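A.B. asks: Here is a sequence with its predicted model. Questions after.
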Amino acid sequence: MAFCFSSTQRFSWSPSIFVHGFIAFRPTSTTICASRKTHAHAKLHGHYQSKIERFSSLRETTRLSTRELFSSNIEIEGAVTNISIDTLGKTLGSAFQEGETDGIMQLAPSLIGHFSAEEIISGALEASNNNKGQAAGIINAMIASCSQLENQSPENFVLAWEIYSTWENIADELELYPDMVSFCATYSALTRAAEIDNDDDTDFFRHSASQVLKRAQRYSKKLAGTKRRKILNTIARKGGRLNNNVIDHLSELQQSYGHDFGVLYEDSDVVVINKPSGMVCFHSRKTTDGKIGRKKKNKKKKSKGLLKEEEFSSDISLEDALIDVGISLSTLNPDALGLVHRIDRGTSGCIVLAKNDDAHAKLVTEFFTRQAKKRYTALVPYTAIDGSADIENSGTIDEKVGGRPARSIYQVEREIGKYALLVGIETKTGRKHQVRMHCAGGLNRPIFLDPLFSTSHLNNKQGQLNTKKATSAAVESTNKNDHVQILMEKIAEESGGRRFFLHASNLKIDNFSIDVSAALPRWWGHVITDLENAVP
């Protein structure tokens, strides 16, 4: 689908209409000089073209036969809403404003099968009100939703491909381009279709999936630049990999990075690591301490205080540690090989890495669609910042993080004397620093030793962080209790300020048969024992 606009005027988005499959945009103060229809799948070979036309025809028949019913009786979150072509943009906009991509994915089952790819893209553009990030988020959420429906029909999977390929064809005109989530969500839909469909159509789905994955690989390679080439060259110099199992290198890794380093789950596609607190996931820029050398790996210092059994190696990242022992990792993340998600340096616990690009793309989709279930354990003060010791045993925290909707479910698991609480937190959204901010703002109890977040440095209305670091957060969160203050300062000094009391305790991803738990770090045990035995 291509458009020709006046060369002297810049294209701007505004509401659009559809006429027999064409997108007819009404740009503000812009004159359309020509418009022609280009089918979204013209680049496919005739063999594959006929298949996709058959699927599209089946869905179009269903869509037209149910249009009247659909437009008059749709229930969304308990309210009956009329949705038609004319109101699609407004409906998508409202859903995004309420819950961003999560809101779109809740709405998507009511839209899929009733609107075409062109209509969905046009609705997303109208809903975004000229915000390209929002438009991309809405389209990505619709693509990802196609593979999450209970009705696993080929027509739904093909819609994901139609949305993606239509978007690719008009990306230059819109100056809005698919991103890694777009590629991964489309690839996941097509591979899932290949797994459940009959032999006649499997080749089409596999061929299309292969093309999307190659597009993702080119995209990542371009963004990664020189850094990626250097890493891959280093790997090549090490020669072939005879063993790609992290578990077989566990003893070496624990010797270098501490006994908390562990392997929680592993197969040929993924590995779930128990990351030690203080270890960064990857380096955007390496310092001297971040570079691996034989002498440096064997040069460790032992703590003689509360962390007496802990060893601190140089500032080597998880990515570099795995590459160093010859583990092959996926290449789709332009920032770091293998990483699908990340946890903060000071946070310990579960983190999953992909060993190949197929697994990486599918994992990205699992996280984007909230199919990856994450649970954390935090150690927080017994008494809140305002001096109150009252807290419900469980509850929901709905507070914005960075101005974006965020939800966490918490459960008080244990009282540690009269000084601390052990709290379990399940994240329903995946905002950066969500657990840390929800403890500080929602529970009014900043995580012990968290140097960045404290209630005095948060704007609780929007969840915005003041750039000034709360260097005295550990002191502030102790309610001026001398014993706890001295204890926390001692731990901070022994750990070099790189640790705080947050642990990614559980990770569950059903489609990868992952359901793991990570025991609390050993150094937590010493602190908890001390707090339990302390006299108030």
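C.D. replies: Cool, the structure landed. Residues are numbered from 1 along each chain as shown.

A.B. asks: so residue 408, which of the three states?
C.D. replies: Secondary structure state of residue 408, per DSSP: H, G, I helix; E, B strand; the rest coil, is strand.

A.B. asks: was I right about it contacting residue 396?
C.D. replies: Yes: look at residue 408 against residue 396 with C-beta atoms under 8 Å: they come within range, at 7.3 Å. C-beta: built from backbone N, CA, C; applies to glycine.

A.B. asks: These two: which is more packed in?
C.D. replies: residue 408 (24 against 12; other C-beta atoms under 10 Å).

A.B. asks: Please pull out the lowest mean pLDDT helix or strand from the chain.
C.D. replies: strand 32-36 (a mean of 31; mean pLDDT, DSSP states H and E).

A.B. asks: For stretch 511-528, buried residues please.
C.D. replies: Neighbour counts over stretch 511-528 (16 or more other C-beta atoms under 10 Å) mark 512, 514, 516, 518, 520, 521, 523, 524, 526, 527, 528 as buried.

A.B. asks: Over to stretch 131-142?
C.D. replies: Neighbour count says stretch 131-142 has 134, 135, 136, 137, 138, 139, 140, 141, 142 buried, by 16+ other C-beta under 10 Å.

A.B. asks: The fourth one and residue 359: what is the separation?
C.D. replies: Plainly put, residue 137 is 24 Å away from residue 359 if you go by C-beta to C-beta, to the nearest Å.

A.B. asks: same deal with the third one?
C.D. replies: Using C-beta to C-beta, one gets 24 Å for the distance from residue 136 to residue 359.

A.B. asks: Over to the second one?
C.D. replies: As for residue 135, its distance to residue 359 is 29 Å (criterion: C-beta to C-beta).

A.B. asks: Can you get me the start-to-end distance on stretch 135-154?
C.D. replies: Taking C-alpha to C-alpha, to the nearest Å, stretch 135-154 runs 26 Å from one end to the other.

A.B. asks: got it, and stretch 100-120?
C.D. replies: End to end - C-alpha to C-alpha - stretch 100-120 spans 16 Å.

A.B. asks: I'd like the mean pLDDT over that stretch, please.
C.D. replies: Regarding stretch 100-120, the rounded mean pLDDT is 94.

A.B. asks: And for stretch 322-337?
C.D. replies: Stretch 322-337 comes out at a mean pLDDT of 93.

A.B. asks: can you give me the offset of that stretch from its chain's centre?
C.D. replies: 18 Å (C-alpha atoms, centre = their mean, to the nearest Å).

A.B. asks: buried stuff in it?
C.D. replies: Quick answer for stretch 322-337 (16+ other C-beta under 10 Å): 322-327, 329-337.

A.B. asks: From the contact counts, what lies against the helix or strand containing residue 526?
C.D. replies: Here residue 526, judged by DSSP states H and E, is contained in helix 522-533. Helix 522-533 is packed against strand 372-381, strand 407-416, strand 420-427, helix 482-494, with contacts defined by 3 or more C-beta pairs under 8 Å, 6 or more residues apart in numbering; DSSP states H and E.

A.B. asks: Serialize these to a markdown table and add fields for mean pLDDT.
C.D. replies: Output for the helices and strands packed on helix 522-533, formatted as a markdown table (pLDDT from 0 to 100):
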| stretch | mean pLDDT |
| --- | --- |
| strand 372-381 | 97 |
| strand 407-416 | 96 |
| strand 420-427 | 97 |
| helix 482-494 | 84 |
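
A.B. asks: Please identify which of those is closest to residue 162.
C.D. replies: strand 372-381 (26.5 Å; C-beta to C-beta).

A.B. asks: Helix 482-494 and the closest one, what's the angle between them?
C.D. replies: 130 degrees (axes from the mean of the first three to the mean of the last three C-alpha atoms, to 10 degrees).

A.B. asks: Name every strand pairing with strand 372-381 and say which way it goes.
C.D. replies: strand 420-427 (antiparallel), strand 502-509 (antiparallel) (DSSP bridges).
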